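Novice: Okay, here's the prediction I keep looking at, along with the sequence it came from:
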Amino acid sequence: MLLPLMGLAFAIIDRQPDAFTGKVSTIEDLVSGAGVGVLLLRSVALAVSVSIGSVLCGGWLAWVEHRTKVPRWWALITLLPLAMPSYIVAATLRSALSPGGWIGSTLSLPHMTGFGVAVIVLTVITAPLSQLIIGAALRNTSPAEEEAARSLGASPQRVFRTVTFPRLRPAIGFSGLLALLYAISDFGAVAVLDVPVLTWRLYLAVENQDVARAAILGGATLLATLPLFLATRWLRGTQIHSGVANRRLITRKTANPTHRWITIAVLALVVGVGVLIPISTMGGWVMDGLRRDLSFVNPMGALLDTTGAALAGALLTVLLATLPAWAVVTRQRKQQGGGWLEDGVYLTSALPGVLLALGLMLAALQFAPTFGSGTYGLLLGSGTLLMIGYSTRYVAEVFAPLRVAFQGLDPRQIESARVLGASPLRRFQTVVLPSIAPGVAVAFVIGFNAIVKELPVTLLLGSATGLRTLSFRIWDRYNESLWHDAGVAGLLLVLLAFASAACTVRWRQSA
Amino acid sequence: MESGYSAPMSSPAANVAPLQISAVSHSYGETPVLHAVDLQVNPGEFVVLLGPSGCGKTTLLRAVAGLVTPTEGAIEIDGRVASESGEDRIPTEHRGVGLVFQEYALFPHMNVAQNVGYGLQTPSPARVNGLLELVGLVDFAERLPASLSGGQQQRVALARALAPRPSLLLLDEPFANVDAALRDALGALLRRVAKEQGASVLMVTHDQEAALSMADRVVVLEPTVQGGVVIQDAPPITVYREPASETVAQLTGPCTLIDALANGEKASSPFGELTLTEAKKGPVRAMLRPEQMQFVPDPKGNVKVVGHQFVAGNHRLQCVGPSGPTQVLQSSATPPPPEGTAGRIEVAGPAWSLTD
């Protein structure tokens, strides 16, 4: 985590002279020249819009799922967009909404700005997260509290305002913050839609090798995300404990026709934009290519590259997360805290992908020459930096299930095996491994799933390796307007993402 | 036998103590938990380590198992030095003791038979089956621990600990997680099974009823600022009748302590003249158990009934007298005196006087 931040710091402090004018620009020049203020404002505006939309959509779906008589699968299909990469959703939605696209032409929609489309895309992708978080809080509120309020003469509106909503407030705040952080860090959607926000401009600066500008934009991105991250960590532990002695889990559910129509509208938005439009649009691209007899690039190489890179990356991420997860669990058991360690892990993954990749590149540029002139090229070309990028980017996602797995391991059981004469190896094989294996497998698949969908780190740190992953192929072909190839790669990637996500669901249930 | 500790499961010579603890002290960092503890478990003996929570009794048990290395003193198991002067000589896995945890700590992914067979050097279905029969769980051999009740899980833990034929079985609060009715049945089973398997037992508990009813010998630990110290080491009846201190008296059951003035075997007290078990001179503190006292209604008496409970076929009268609250046992054959009745206490048999 420190490595990318140090790289960034060095690049800002140790500015190189401009290649043409030979002049070292001051920080003030860079800040004003880069238009940092405008970019920052636009990033914040995007994130706030997404956050509000996400909490409204996700909160409504959570309410419907837990408090109304809707079929259970309605609530489950709304979680599907979680498995979709934002750049695929963005690319397909823009194509479908454009004046020539199938939705744009049928509804003769006015032209939508990239900003508007980005808000819709990121709202749809973050809504399932809000649904899960607010849903968990709703499940924890006992109907008895609401019934007590009703028996004291409160109207349904007053019950919601004074009893239910205050209980949900921490969850609403937390999910809103997470959506903010997600939207401000997102690269895929804003890049595909060419929305001039921090992450996208940062990527362009890196691509143009404008190190000074990149470093300043990177610093601004960090300033925008860090407070949000700290706020999520601060809100994490906030929850109101139930005032009910024996919690009943069964809630009386209502059926309300108005609710039904709002629900169908939200559902159509989330599932339509998040799943149906992407898949049908990409299918359309492929069909169009077949009809016009265009030549297709064989997708097998990209599929293999993606699978290989994701397997290696996931393995490394699990290895990287094992030590802190183990340390946090043992420290908590001895009541020595360990919260700072956990915060460190989560902070690493809170860095936007573009920023992380940039920081790693800068750090490698700074430190590699001490080990010989070719070291930087070797680090980049061999994929070492790419793997470090993947594993630092997703260490927190893998950390969470690993920690749960280690928590489930009872030290008394290991002691039992010891007293019964088992050697360290036998203790590991017969007691430790069976206990943690399901959790480790889930952690691995979560890492795999995340890396398969990853875009900015793959683009920045992977291009020199010769690896041509599916995400790389989609990006490349989409920018060349070779839709049919992008469609094939996109469909394969979605298939891989859904398959691995389905694995974790089954494992989670059996574990 | 290739090396010194390769045969922990074999029975040692009959006259060697399965456990000998000499001057063991331990502290966790700056906090002392045990102070100069001496304790011996003889072959075939059932010893109970009794003490209030925080007296270090579980630490002592874990030290015997090798899960804690005591900072001072020596622990010998079957005549072999297991740890000495802050160093472990024999690691846990070679000590060959059986240990039943308070939480049982069964392996959740193994069935009952696999759990019981875990400690066997060579798999032996006959041994596993025999043990399951002994604890009455033959029909549950294929079940996973999660599907068993608390009492059943405990019996599995017991069978698992006994499978490698340890000469010493350690039990940590075995009745902490079962209800009172089950406790007596399990206690009887525990005693019988341990005797049948030839294992000596060291059991840790804070439950005086379990301790007194099961033990051949009771070792009482009392917490002090230096850590837990052994304050009495005697058969259950001695600990109950002749407790070494006020703490032991209160730990082993209800009692009344009164100030008396001794003159030889006789002493004068607010309850009238007492006979002492030992001749003393001067002020003493006499201890009376509820069954030693009788309440006699008397309008001029110095004791008053404030309530009563009906427990296990007897009336437990709660009285207030010159020494504060007093509990007196009365047969349920006669109705209890109503609340507010004044009376006096008559003492039957000699009273134990505490030495401070």
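Specialist: Sure thing, it's come through.

Novice: Okay, domains of the chain per the record?
Specialist: Using chain A here. Domain assignment for chain A, taken from automatic domain parsing, gives A:49-193+A:249-285, A:295-511.

Novice: right idea, wrong chain: chain B
Specialist: B:19-97+B:166-246, B:256-354.

Novice: State the mean pLDDT of the last one.
Specialist: Meaning domain B:256-354. Averaged across domain B:256-354, pLDDT comes to 87.

Novice: what does the first one give?
Specialist: Confidence over domain B:19-97+B:166-246 (mean pLDDT, whole number) is 90.

Novice: for chain A, what's the longest helix?
Specialist: helix A:300-333 (DSSP state H).

Novice: Go through whatever helix or strand residue A:265 lives in and flag the buried ones.
Specialist: For residue A:265, the host element (DSSP states H and E) is helix A:257-271. Using 16 or more other CB atoms under 10 Å in any protein chain shown as the test for burial, helix A:257-271 gives A:259, A:263, A:266, A:267, A:269, A:270, A:271. Backbone N, C-alpha and C define where each C-beta goes, glycine included.

Novice: Next to chain B, which bits of the stretch 251-400 of chain A? Give me the list.
Specialist: Within reach of chain B by CB under 8 Å from any CB of the partner chain, the stretch 251-400 of chain A has no residues at all.

Novice: Save the domains of chain B as JSON lines, and put in mean neighbour count too.
Specialist: Formatted as JSON lines, the domains of chain B follow (neighbours: other CB atoms under 10 Å in any protein chain shown):
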{"stretch": "domain B:19-97+B:166-246", "mean neighbour count": "19"}
{"stretch": "domain B:256-354", "mean neighbour count": "16"}
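
Novice: can you redo the ones you listed as CSV with distance to residue A:437?
Specialist: Shown next, in CSV, are the domains of chain B (distance: least, CB to CB, whole Å):
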stretch, distance to residue A:437
domain B:19-97+B:166-246, 23
domain B:256-354, 51
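
Novice: wait, which of these is closest to chain A?
Specialist: With CB to the nearest CB as the criterion, chain A lies closest to domain B:19-97+B:166-246 of these, at 4.4 Å.

Novice: start to end distance for the closest one?
Specialist: End-to-end distance for domain B:19-97+B:166-246: 29 Å, by CA to CA, to the nearest Å.

Novice: Stretch B:248-263 now?
Specialist: One end of stretch B:248-263 to the other measures 25 Å (CA to CA).

Novice: before we move on, what about stretch B:228-241?
Specialist: Stretch B:228-241: ends 23 Å apart by CA to CA.

Novice: what about that stretch, distance to the chain center?
Specialist: With CA atoms, centre = their mean, to the nearest Å as the basis, stretch B:228-241 stands 10 Å off its chain's centre.

Novice: same thing with stretch A:490-508?
Specialist: 15 Å.

Novice: Same check on stretch A:200-218?
Specialist: 22 Å.

Novice: Please write out the alpha-carbon positions of that stretch in PDB.
Specialist: Below are the C-alpha coordinates for stretch A:200-218, written out as PDB (Å, rounded to 0.1, in the frame of the first residue of the first chain):
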ATOM      1  CA  TRP A 200     -10.200   9.300 -16.800                       C
ATOM      2  CA  ARG A 201      -8.000  12.400 -17.200                       C
ATOM      3  CA  LEU A 202      -5.500  10.700 -14.900                       C
ATOM      4  CA  TYR A 203      -5.400   7.700 -17.200                       C
ATOM      5  CA  LEU A 204      -4.900   9.900 -20.300                       C
ATOM      6  CA  ALA A 205      -2.000  11.800 -18.600                       C
ATOM      7  CA  VAL A 206      -0.300   8.500 -17.800                       C
ATOM      8  CA  GLU A 207      -0.800   7.300 -21.300                       C
ATOM      9  CA  ASN A 208       0.700  10.500 -22.700                       C
ATOM     10  CA  GLN A 209       3.600  10.000 -20.200                       C
ATOM     11  CA  ASP A 210       2.900  13.400 -18.700                       C
ATOM     12  CA  VAL A 211       4.300  12.300 -15.300                       C
ATOM     13  CA  ALA A 212       4.000  15.700 -13.600                       C
ATOM     14  CA  ARG A 213       0.300  16.100 -14.600                       C
ATOM     15  CA  ALA A 214      -0.400  12.500 -13.700                       C
ATOM     16  CA  ALA A 215       1.100  13.000 -10.300                       C
ATOM     17  CA  ILE A 216      -0.900  16.100  -9.600                       C
ATOM     18  CA  LEU A 217      -4.200  14.500 -10.800                       C
ATOM     19  CA  GLY A 218      -3.200  11.400  -8.800                       C
END
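
Novice: Quick check: buried residues in that stretch?
Specialist: By neighbour count on 16+ other CB under 10 Å, the buried set for stretch A:200-218 is A:200-206, A:210-218.

Novice: Those also near chain B: which ones?
Specialist: Of these, not one also sits near chain B (CB under 8 Å from any CB).

Novice: and these, which of them are in helices?
Specialist: Reading helices off those with DSSP H, I get A:200-206, A:211-218.

Novice: So which residues of the stretch 101-250 of chain B form strands?
Specialist: Ranges of strands in the stretch 101-250 of chain B, per DSSP state E, counting those that start in this stretch, are B:168-172, B:200-205, B:217-224, B:227-234.

Novice: May I have the strands that pair with the shortest one, each with its orientation?
Specialist: In the sheet, strand B:168-172 lines up against strand B:98-100 (parallel), strand B:200-205 (parallel) (DSSP bridges).

Novice: got a list of contacts for it?
Specialist: B:18-19, B:41, B:58, B:61, B:64-65, B:77-78, B:97-102, B:161-162, B:190, B:194, B:199-204 (CB atoms under 8 Å, 6 or more residues apart in numbering or on different chains).

Novice: what do you get for stretch B:118-133?
Specialist: Residues outside stretch B:118-133 that contact it (CB under 8 Å, 6+ apart) are A:417, A:419-422, A:430, B:9, B:107, B:110, B:112-113, B:116-117, B:138, B:140-141, B:159-164.

Novice: quick one: terminal-to-terminal distance for it?
Specialist: End to end - CA to CA - stretch B:118-133 spans 17 Å.

Novice: and residue B:280, what element?
Specialist: strand B:272-288.

Novice: Tell me which other helices or strands the next helix or strand after that strand touches.
Specialist: Moving toward the C-terminus from strand B:272-288, the next helix or strand (DSSP H and E) is strand B:293-297. In terms of contacts (3 or more CB pairs under 8 Å, 6 or more residues apart in numbering or on different chains; DSSP states H and E), strand B:293-297 is packed against strand B:324-331, strand B:342-347.

Novice: Reformat these into JSON lines and put distance to residue A:290 next to each item.
Specialist: Output for these, formatted as JSON lines (distance: least, CB to CB, whole Å):
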{"stretch": "strand B:324-331", "distance to residue A:290": "94"}
{"stretch": "strand B:342-347", "distance to residue A:290": "105"}
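
Novice: Residue in the stretch 251-356 of chain B with the shortest distance to chain A?
Specialist: residue B:251 (27.0 Å).

Novice: what's the closest non-adjacent residue to that residue?
Specialist: residue B:208 (6.1 Å; CB to CB, 6 or more residues apart in numbering or on different chains).

Novice: list the contacts for that neighbour?
Specialist: So residue B:208 contacts B:50, B:251, B:252, B:253 (CB under 8 Å, 6+ apart).

Novice: Which residue would be the closest one in the stretch 101-250 of chain B to chain A?
Specialist: At 3.2 Å from chain A, residue B:119 is the closest residue in the stretch 101-250 of chain B, using CB to the nearest CB.

Novice: so what pLDDT did that residue get?
Specialist: 89.

Novice: and it, backbone torsions?
Specialist: Backbone torsions for residue B:119, taken as degrees, to the nearest 10, come to phi -90, psi 0.
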